[in-house]
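Okay, sequence plus prediction incoming.
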Amino acid sequence: MIDTARLKKTLVNHKFRALLFPNESTYLKIKTKDQLFTIQLSKECIEIIDNWEGTSDVVLSGDSTVLNEILYGHMKLQDAKELNSIIVEGSFRHQLMMEAILWFNQKLPLTSQ
């Protein structure tokens, strides 16, 4: 199961947010056997949306363990794709942007509040 609260916290505190995140909202849909949610990403806004009915720019589908590894920057999106561990849908440009954002989402120390 993907911890969406932790994921949001890591994205909000992303060390390269100003550099990598788009000005306009980009939507990343995550699909596992047990979960379906969308992440709205922009420099100004990061939201986890449970019932997004709009169009997503990138869709990641697969096992939650592999997706967790990708979302927290422990595995490259392209590597998981080449291993057929996940299915990635979306334009090459959006996939490349997500690869950069998620790869640099690694090694962020989380503090309890």
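In hand now; what should we look at?

What strands flank the helix or strand that contains residue 60, and is each parallel or antiparallel?
Using DSSP states H and E, residue 60 maps to strand 58-62. Strands that pair with strand 58-62, judged by DSSP bridges, come out as strand 26-31 (parallel), strand 86-90 (antiparallel).

what mean pLDDT does it have?
In this model, strand 58-62 carries a mean pLDDT of 96.

Can you tell me what sits against that strand?
Residues from elsewhere that reach strand 58-62 (Cβ atoms under 8 Å, 6 or more residues apart in numbering): 26-32, 67, 70, 77, 80, 85-90, 94-95, 98. Glycine gets a C-beta too; all of them are placed from N, C-alpha and C.

Now do the buried residues in the next helix or strand after that strand.
Using DSSP H and E, the next helix or strand after strand 58-62 towards the C-terminus is helix 64-71. By neighbour count on 16 or more other Cβ atoms under 10 Å, the buried set for helix 64-71 is 64, 66-71.

which ones are touching residue 88?
58-61, 77, 81, 95.

How about the secondary structure of the residue nearest to it when sequence neighbours are not counted?
Nearest residue to residue 88, sequence neighbours excluded (Cβ to Cβ, 6 or more residues apart in numbering): residue 81, at 5.2 Å. Under DSSP: H, G, I helix; E, B strand; the rest coil, residue 81 falls in the helix class.

pLDDT at residue 81, what is it?
At residue 81, pLDDT is 90.

Please report the distance of the residue nearest the centre of the chain from residue 37.
In the chain, the residue lying closest to the centroid (Cα atoms, centre = their mean) is residue 71, at 5.1 Å. As judged by Cβ to Cβ, to the nearest Å, residue 71 and residue 37 stand 11 Å apart.

ditto for residue 81
Distance of residue 81 to residue 37, given as Cβ to Cβ: 20 Å.

what about the helices in the chain?
Using DSSP state H, the helices of the chain run over 4-12, 17-20, 64-71, 77-82, 92-103.

Quick one, which of those helices gets closest to residue 53.
helix 4-12 (17.9 Å; Cβ to Cβ).
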